[in-house]
Each structure stands twice: as C-alpha cells, then as structure tokens.
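Peer 1: Give me a model of this one.
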Amino acid sequence: MARSTESLLPPVERAVLVFVNEHEEEDSIVEGELVGLCEAAHVEPVAQIRQRVDHPTKATYVGKGKVTEIAALRAESGADFVLIDGEVTGIQQRNLEEALGCKVIDRTQLILDIFARRARTKEGMLQVELAQLTTMLPKLMSVYTKFERQRGGIGMRGPGETKLESDRRLVRDRIARLKEDIEEVKRHRDQQRTGRRKQIFPFVSIVGYTSAGKSTLMNLLAGSEFLADAMPFATLDPTTRKVEFGDGYGMFLTDTVGFIRNLPTQLVAAFRSTLEEAVYSDLILHVVDLSVPTWEDQMDAVTETLELLGAGQHPTILVFNKVDACPDAALVNQAVADFPDSVAISALTGRGIDDLLALISKKFKSVLGEVDLHIPYGDSQALQLCYDFGKVKEIRYEEDYIAVKAELVDEIRSRLATYTVAS
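Peer 2: Numbering: from 1, shown residues only. Okay, the predicted model is just below:
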C-alpha cells in the first residue's frame, strides 16, 4: 500500500467544480471557499455547475440529467477530474466515476490533500495518514467492481477471503497502529507541556477560521517569521513560542490548524491531539476575519469545533482581525461593542496590538493573587519559588526574615501559606 500521506493530486490539475446547495444566498460563500481550497491544493477550476436541491441524490449525488451536463462540461473544458463540494459516499463516487469516465474527488479528500502537502512533523504526517485511511475505509467497497477470490497467505485469514476483505482488514490494522504512534507522540508533547507548566507563563492558543490571519498574528507577537500564508491550512503542525511582555509577564503562544465549515468529524478526530493545544490552554485567542461578509458564520464554526473538543468554556478573547481591510468602520465598533472581551486589530499593520496585549495581561493577572511573605533566611527554596512561579514586586532584607511582596498563582500561594502575613 502506498503511503497515504502522498498527495492525491499531481502538482496541477484542472477541475470541474460541482455545487449542490438549497439556498441561492449561499452560492458566493461556498464558491469562494472551494476556490480557495483549490488554490491551496494547486488545482485550477476551469468550469463549475450547480444543482439546487434539498439533499444529494442517493446513487450519484446529483441527478441523472446533471450527470450528463457534467460530462459534457468536462469534455468541453478539458478538465482532468470532477470536484464535488460535499462529502460523497463510496457508492456515489464509484457511480460517478463510471458515468463520467474520470476521477471524482469530494471536499474532504481535497482538504486531506492540502493537509498532506502541509504536514512537516512526524505527528502531522501520522495524523494525515490516519485521517486519509479513516476516510478511505467506508469507501473501499467502491474500489472494486467485482469480488475476486484470492489465495491465502501470511497474515491472511484463509483462502476464502476476498481481496476487498483483506484490504479492509489491512487498513484497520494500519489505523490501529497509527493511533498507537500518535498516542506516543502525544505523551511526548504532554511531557513538554508539563515542563512548560513549571514556569508561571500561561498557555495561550491562537485559533480561528482558515486564513483569518492566525500565523500573521503569531509572527507579530512572537517576533518571528513563521509561514504566514493566506492559503487555507497554511499551518498544520502546532508551533509554540515563549513571548515576554515589558511588564514582566509573558505567555507560551501556540498557533493551531485553521478551522473550516463542515469539517468532517473524522478529520477533527484524527487531528485531536494537535487541536488539544487549545483544550489545555489557559487562554484562547479566537481570531476572526472581520473583512469578510461571513465572519459571524466563520466565528460560529470555530466555536462549535471548540465545544466539540471540550474547550468551549475556556477564557477567550475575540480578536477581530483585518480591520485595515474592513470598509465599514461602524461594523468594527459594533462588533467590539457586541462581544465582551474583544479587540479590533490588524495583524498586518500592527494596529490595535497594544490593546490586545493589555487585554491578555489583564486576563492573566486575574489568575494571580498578591501576597506579603516573611520568608526565613534558611528557606532559600521558598524565595526561589516566588521568582520561578510568580512576579516579585518588592523585596526587603530584614534582620530575621526576607519581606517579599509578590503575585503568585494559587498553588504557590498555598505552599507558602505559613509565611503569609496580613497586608
């Protein structure tokens, strides 16, 4: 079996785009998003066709008449394959490929192709392969037009097994192995996270709809040049950097993979360990592209995915980005007024970043408590805890003790309770 992390598509292919949706007002939204995905996957859309129905046709996703239209459009445009803006079943894919005489790919497969191109780390590649195989397994029935008998062999259950059955079992075995490998990588990341927890800096995750400007914001805050591409899913593997503020505070900042509408559940499941950076965060920066008319829908899609991951109740700052490209100043003001704990910025120009940092600092300070301590000279470890896990604001060396005024997290305040004095 070829490595499933290989791209499904050659570097450049021409495609006929097929849209099936009920409401006309959705046309520009879904069209623009699929075209953006095509650009990220190096696919050239040469034609498109639309069918207005309540739900896809069971056998061929679109009606028989529309299949004929697609075939004619493909021949006229010279397209290499047909791209469906939806999720087709194995039977639908097989029937369409037989009727059209070409490859048919759905939206999920296109997204996976982009993921495969973007994955750089071991974990990213493992997760892509897991997502691809998880998607492939239900569709294996369409791979074969007939059930050929095969001889038994090593690792096979017996001579009566069909090739389809053995392939499905091999895929299941590979999926199980991938899950084990991903769990091992996750344990390693948990150890890294535990190491970072020994410092006072909180975990902050940047989340948002794809192309909302997350990586650009990451670059601005971290002062580093990561990949900041307007393409969908430019960031696949999570990147964490330590960021320090001028007032002595700081954070561990993590950029995450972009979200998208109708993200298949198997993709969410396969990339759960990557997305869990948001779950373990002390604070989430939810970046919203305010320059697009569908910003509220995109914001809702991200919120729903966070809830699915168990991060829906985490402290969150809404970061309304790209205000420099927003033609309506009143919209910017209204968005900030309507949503508490929000700020309007331009990650590209730096506008509003000071306001964002002030809000982050305010959020962080709310988890700290100021205490006055009288630490004996013999307990150097207690003083070190104040420096390692808090912010020492004042220190005086008295005759019998060290007087310390510090901001500490709950755990350290409890450990040093015997040295606490009334302020």
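
Peer 1: Okay, now the unreliable bits of the stretch 151-300 of the chain?
Peer 2: Counting by pLDDT under 70, the stretch 151-300 of the chain contains low-confidence residues at 151-164, 192-201, 224-238, 245-249, 266, 269-275.

Peer 1: all strands of it, in order?
Peer 2: Counting by DSSP state E, counting those that start in this stretch, the stretch 151-300 of the chain has these strands, from start to end: 203-208, 239-244, 250-255, 283-289.

Peer 1: what angle separates the first one from strand 239-244?
Peer 2: Relative orientation of strand 203-208 and strand 239-244, computed by axes from the mean of the first three to the mean of the last three Cα atoms, to 10 degrees: 120 degrees.

Peer 1: related to what we said a few turns ago, output the strands of the stretch 151-300 of the chain as CSV; include the columns mean neighbour count.
Peer 2: To be clear about C-beta, it is placed using only N, CA and C from the backbone, and glycine gets the same treatment. Output for the strands of the stretch 151-300 of the chain, formatted as CSV (neighbours: other Cβ atoms under 10 Å):
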stretch, mean neighbour count
strand 203-208, 25
strand 239-244, 15
strand 250-255, 24
strand 283-289, 25
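
Peer 1: out of the ones you listed, nearest to residue 38?
Peer 2: Closest to residue 38 of the strands of the stretch 151-300 of the chain, according to Cβ to Cβ: strand 283-289, at 19.2 Å.

Peer 1: Contacts for that closest one next, please.
Peer 2: 202-209, 211-214, 217, 251, 278, 295, 298-299, 302-303, 306, 311, 314-322, 347, 356, 360, 363-364 (Cβ atoms under 8 Å, 6 or more residues apart in numbering).

Peer 1: and the residue most central in space within the chain, how far is that from residue 104?
Peer 2: Taking Cα atoms, centre = their mean as the criterion, residue 257 is the residue nearest the geometric centre of the chain, at 2.8 Å. Per Cβ to Cβ, to the nearest Å, residue 257 is found 26 Å from residue 104.

Peer 1: related to what we said a few turns ago, for the strands of the stretch 151-300 of the chain, could you give me a markdown table that also reports distance to residue 181?
Peer 2: Shown next, in a markdown table, are the strands of the stretch 151-300 of the chain (distance: least, Cβ to Cβ, whole Å):
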| stretch | distance to residue 181 |
| --- | --- |
| strand 203-208 | 24 |
| strand 239-244 | 21 |
| strand 250-255 | 22 |
| strand 283-289 | 28 |
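
Peer 1: between these, which gets nearest to residue 19?
Peer 2: strand 283-289 (22.3 Å).

Peer 1: For the closest one, which strands pair with it and how are they oriented?
Peer 2: Counting by DSSP bridges, the strands paired with strand 283-289 are strand 203-208 (parallel), strand 316-321 (parallel).

Peer 1: for those strands, which one sits closest to residue 398?
Peer 2: Distance to residue 398, taken as Cβ to Cβ, is lowest for strand 203-208 among the strands paired with strand 283-289, at 36.7 Å.

Peer 1: what's that closest one in contact with?
Peer 2: Contacts with strand 203-208, where a contact means Cβ under 8 Å, 6+ apart, come from 193, 196, 214, 217-218, 251-256, 258-259, 277-278, 280-289, 302, 306, 319, 321, 360.

Peer 1: 7 Å instead, please
Peer 2: 214, 217-218, 251-256, 258-259, 277-278, 280-288, 302, 306, 360 (Cβ atoms under 7 Å, 6 or more residues apart in numbering).

Peer 1: Next, the angle strand 250-255 makes with that strand.
Peer 2: Angle between the axes of strand 203-208 and strand 250-255 is 30 degrees (criterion: the same axes, to 10 degrees).

Peer 1: For residue 393, the count of nearby residues, please.
Peer 2: 12 (other Cβ atoms under 10 Å).

Peer 1: Quick check: closest non-adjacent residue to it.
Peer 2: Sequence neighbours aside, residue 405 is the residue nearest to residue 393 in space, at 4.9 Å (criterion: Cβ to Cβ, 6 or more residues apart in numbering).

Peer 1: what's the answer for residue 403, then?
Peer 2: Nearest residue to residue 403 in three dimensions, chain neighbours excluded: residue 396, at 4.3 Å (Cβ to Cβ, 6+ apart).

Peer 1: Next: residue 281.
Peer 2: Closest to residue 281 by Cβ to Cβ, 6+ apart is residue 205, at 4.1 Å.

Peer 1: Could you measure from that neighbour over to residue 217?
Peer 2: In terms of Cβ to Cβ, residue 205 sits 12 Å off from residue 217.

Peer 1: again with residue 310
Peer 2: On the measure of Cβ to Cβ, residue 310 and residue 217 end up 24 Å apart.

Peer 1: With neighbour numbers in mind, choose between those two.
Peer 2: Set residue 310 next to residue 217 and count neighbours by other Cβ under 10 Å: residue 217 wins out with 25 against 12.

Peer 1: Surely that one and residue 348 touch.
Peer 2: No - using Cβ atoms under 7 Å, residue 217 is not in contact with residue 348; the gap is 9.4 Å.
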